[in-house]
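*Asks:* let me see the structure of the following:
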Amino acid sequence: MTALVLAALVLPHSALAQPLRFRIQPEASEITFRATSRLMNADGRFARLSGDVLVDPTALTSARISLTIDAASLDTGIEMRDNHLRSSDFFEVERFPTVTFQSVRVEAAGRRAIVVGRLTLHGVTREIAVPIDVQITNTALVASGEFIVNRGEYAINYNSFVNPIGNEVSVAFTFRARVP
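*Replies:* Numbers count the residues shown, from 1 in each chain. Next comes the predicted model:
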């Protein structure tokens, strides 16, 4: 997501003057998460996502990214836990079917960048800064990074007396995108 924007920032200046649109390839990309708890950590991923990055090679810091994740596509490998995570205790997917990210700005230095944007999760939008690494050509882009989400900041406050859950959830991603 934000990694794609960083990638756009390091595009060579010899690229085309027109903005390039990179489409995320969902089948070749991944978003994973890790939530901790006393009894059993939850490692999972989101299977369905879409998005793109628009890059003007002459003004790389104006690169923009948009990402949409299907919240119901979460998968931890345990159906009962997945159904609980989809419920009103956590993601509440019937009411909030998507998680979205829209970039606001990019601060770049070489192949690393900080992508600042608005993450909307569980109906709450907050600005986050995500460090990313990127590789880019005129036809393909690969961006990866990691960040922490505090679930309480997004009104996901469920907790269990028997199995307390940590507020911080680690998110990692690798996006592969191509010019259509």
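
*Asks:* can you show me the helices along the protein?
*Replies:* For the chain, the helices defined by DSSP state H cover 2-9, 79-86.

*Asks:* just give me the lowest mean pLDDT stretch among those.
*Replies:* With a mean of 44, helix 2-9 has the lowest mean pLDDT of these.

*Asks:* ok, residue 33 to residue 168 distance?
*Replies:* Distance, residue 33 to residue 168, by Cβ to Cβ, to the nearest Å: 11 Å. C-betas here are computed from N, CA, C, even on glycine.

*Asks:* look at these two and report which has more neighbours.
*Replies:* Between residue 33 and residue 168, residue 33 has the larger neighbour count (other Cβ atoms under 10 Å), namely 18 against 12.

*Asks:* so how far is residue 160 from the more buried one?
*Replies:* Remark: distance between residue 33 and residue 160 (Cβ to Cβ) = 18 Å.

*Asks:* flag the shaky bits of the protein, pLDDT-wise.
*Replies:* 1-17, 56-60, 109-110 (pLDDT under 70).

*Asks:* name the nearest residue to residue 29, sequence neighbours excluded.
*Replies:* residue 175 (4.6 Å; Cβ to Cβ, 6 or more residues apart in numbering).

*Asks:* does the one you found touch residue 23 like I think?
*Replies:* No. In terms of Cβ atoms under 8 Å, residue 175 does not count as a neighbour of residue 23; the distance is 10.4 Å.

*Asks:* need the overlap of contacts for the two.
*Replies:* Jointly contacting residue 175 and residue 23 under the rule Cβ atoms under 8 Å, 6 or more residues apart in numbering are residue 51.
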